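In: Generate a structure from the sequence data that follows.
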Amino acid sequence: MRILGVIPARYASVRFPAKALATIGGKSMIQRVYEQVSKAGLLHDIVVATDDVRIESHVLEFGGNVVMTSTEHRSGTDRCYEAFVKNGASFDYVINIQGDEPFIHPEQIDQLAGILNGDIQLGTMVKVIDDPEVLFNENVPKAILNTHNDVLYFSRQTIPFLRGVPADEWLSKHRFYKHIGIYAYRTDVLALITRLDVSPLEKAEALEQLRWLENGFSIRAVVTGHESHGVDTPDDLATVTKKFLSEP
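Out: Predicted coordinates for the structure are as follows:
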C-alpha cells in the first residue's frame, strides 16, 4: 500500500492565530510535526497542506514539502483531499496528521498505517481512558468499538452509559476509549466523503467523523498506548513545551 502523509496547517485560528508558526524550543510547531512524521517508516511521502504563503515559505525554508490549498475548506479532510489531488502521484491511502501535535509519536503513525490493507475504508486511533476527568469531559470525544475494532459511534458524552453503577466506579467496570484525531482514508473513499453534506449527527455532536458513519462508511480503530498532546491555545503551548523540553 502506498501511503501519503498530509499535515493540514491553517494560519487562521480563533483561539491561537498563526499557531503553526509558534516557536517551541527554537523550532516552529509545524517543523516539529513534520520532523516527527518524517520518522515514521510506512509513509511513502509527506506534505504540508496550507492556505497561507507564510506557512508555505517557512516549510520550504526548513526543506519540507508543501502545497497551497484553498482558504474555503471546511475541514482538514477537505484540505487533505486537495493536497492528494495536487500531489499528482498514485497513493492507496492518505493519513491526516494534525498540524498542532508537535510531539506526536512516529509509532502511532506506523501503527495506523500498518492496518491499511486495501479493504479498510477509513482508519483512526483511540486510547483507553484512565482518568475520570477525561471520562466525563465533553470536550474529549469518546468512541465505542465493536469486536473487530470498527467504530460504532463517537460522542462527546460518556459512552456507554453504565446503568446502576455509581459514576466513580465506571472506570473499574468498563473499558472506555477517547478518540485521537488522526485519520486514514482510502483515496477513493476520501473523494466520496468530501462530497457529503453535513449530517444531522455531525451537527448534533460537532464531530465530522459522524458524517461518515451516518452515510454507511466503516472506520477501523487502532488502540494506542501513547497520549496525544494537541495545542489549541497558548496555554497548551506552554504546557507541552514544559513537558517535553524542560528536562535535560
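In: In terms of pLDDT, where does the residue of the chain most remote from its centre sit?
Out: The C-alpha centroid of the chain is most remote from G164, which lies 34.4 Å away (C-alpha atoms, centre = their mean). Residue-level confidence at G164 comes out at 98, pLDDT.
In: separation between it and S155?
Out: 20 Å (C-beta to C-beta, to the nearest Å). (Each C-beta comes from the backbone N, C-alpha and C, glycine too.)
In: now swap in Y185 and tell me
Out: Y185 is 22 Å from S155, by C-beta to C-beta.
In: The two: which is more packed in?
Out: Neighbour totals were compared for Y185 and S155, and Y185 leads with 30 against 18 (other C-beta atoms under 10 Å).
In: List the beta-bridge partners for the more buried one.
Out: Following DSSP bridges, Y185 is listed with bridge partners V94, L122.
In: and the residue farthest from the centre of the chain, that's in a strand?
Out: No - checked against DSSP: H, G, I helix; E, B strand; the rest coil, G164 lies outside a strand; its state is coil.
In: Domain map for this structure?
Out: The chain resolves into domains spanning 1-104, 120-228 when parsed by automatic domain parsing.
In: State the distance spanning the first to the last residue of the shortest one.
Out: Its first and final residues considered, domain 1-104 spans 22 Å by C-alpha to C-alpha, to the nearest Å.
In: And for stretch 12-25?
Out: The straight-line separation of the ends of stretch 12-25 (C-alpha to C-alpha) is 22 Å.
In: in the protein, which spans are strands?
Out: For the chain, applying DSSP state E gives strands covering 3-9, 23-24, 27-28, 45-50, 66-68, 93-96, 122-128, 142-145, 151-155, 177-186, 219-224.
In: Out of those strands, which is closest to H105?
Out: strand 219-224 (7.9 Å; C-beta to C-beta).
In: State the distance from the closest residue to T241 other than its chain neighbours to G5.
Out: For T241, ignoring the flanking residues on the chain, the nearest one in space by C-beta to C-beta, 6 or more residues apart in numbering is I24 at 5.4 Å. Going from I24 to G5 by C-beta to C-beta gives 20 Å.
In: which of the two has more neighbours?
Out: A direct count of neighbours by other C-beta under 10 Å for I24 and G5 places G5 higher, at 26 against 18.
In: in this structure, what spans have low per-residue confidence?
Out: Within the chain, the segments meeting pLDDT under 70 span 246-248.
In: switch the cut-off to 90
Out: Scanning the chain for pLDDT under 90 picks out 12-17, 25, 74, 88-89, 227-248.
In: check contacts around R54.
Out: R54 is in contact with Y11, A18, L21, counting by C-beta atoms under 8 Å, 6 or more residues apart in numbering.
In: Tell me how far it lies from V66.
Out: 11 Å.
In: show me the contacts for the residue lying closest to P8 once chain neighbours are set aside.
Out: Ranked by C-beta to C-beta, 6+ apart and with sequence neighbours excluded, the top spatial neighbour of P8 is G76, at 4.0 Å. Neighbouring residues of G76 by C-beta under 8 Å, 6+ apart: P8, N96, Q98.
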